[in-house]
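> I'd like to go over a predicted model; first the sequence, then the structure.
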Amino acid sequence: MHKGGPLKNIIENPDGLRTNLANERTLLAYVRTALAIAVSGMAAIKFFPESPLVVSLGGLAVAAGIILLAWGIVHIRKVSGNIRKK
């Protein structure tokens with residue numbers, strides 16, 4: 001029978017598992033928020049194409065969503081690296 005493995009690590013270090021799961025939830029929150037912002041911007045552009053202000057704000061929202069997603073991924077990778085070092 002296989003000794004050790006992931007189950008043994010979980011049993012020996014439940015706090016590490018909890019921390020990793022919290023980090024994963026944080027990443028999902030970044031993704032959800034970024035998508036909501038970007039989709040709102042796209043909807044504004046789609047439904048109000050005659051208004052230059054709304055189209056500009058919609059484009060800004062799409063860009064902000066993409067930037068937030070990229071920043072969230074970079075941030076989570078940095079935090080994950082710090083967690084693994086401990």
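Now that the structure is in, tell me what you want to look at.
> next helix or strand past the helix or strand bottoming out on mean pLDDT in the chain?
Least confident helix or strand of the chain, by mean pLDDT, DSSP states H and E, is helix 5-12 with a mean of 64. Note on helix 5-12: by DSSP states H and E, the next helix or strand toward the C-terminus is helix 14-47.
> What residues of that next one count as buried?
If you call a residue buried by 16 or more other Cβ atoms under 10 Å, then helix 14-47 has these buried ones: 23, 27, 30, 34, 37-38, 40-41, 44-45. (Each C-beta comes from the backbone N, C-alpha and C, glycine too.)
> In terms of secondary structure, what does the helix or strand just after that helix contact?
Downstream of helix 14-47, the next assigned helix or strand under DSSP H and E is helix 52-85. The helices and strands touching helix 52-85, judged by 3 or more Cβ pairs under 8 Å, 6 or more residues apart in numbering; DSSP states H and E, are helix 14-47.
> mind checking how far the helix it packs on is from the chain centre?
Between the mean C-alpha location of helix 14-47 and the chain-wide mean there is a distance of 4 Å, by Cα atoms, centre = their mean, to the nearest Å.
> just checking, what packs against it?
Using 3+ Cβ pairs under 8 Å, 6+ apart as the contact criterion, the secondary-structure elements in contact with helix 14-47 are helix 52-85.
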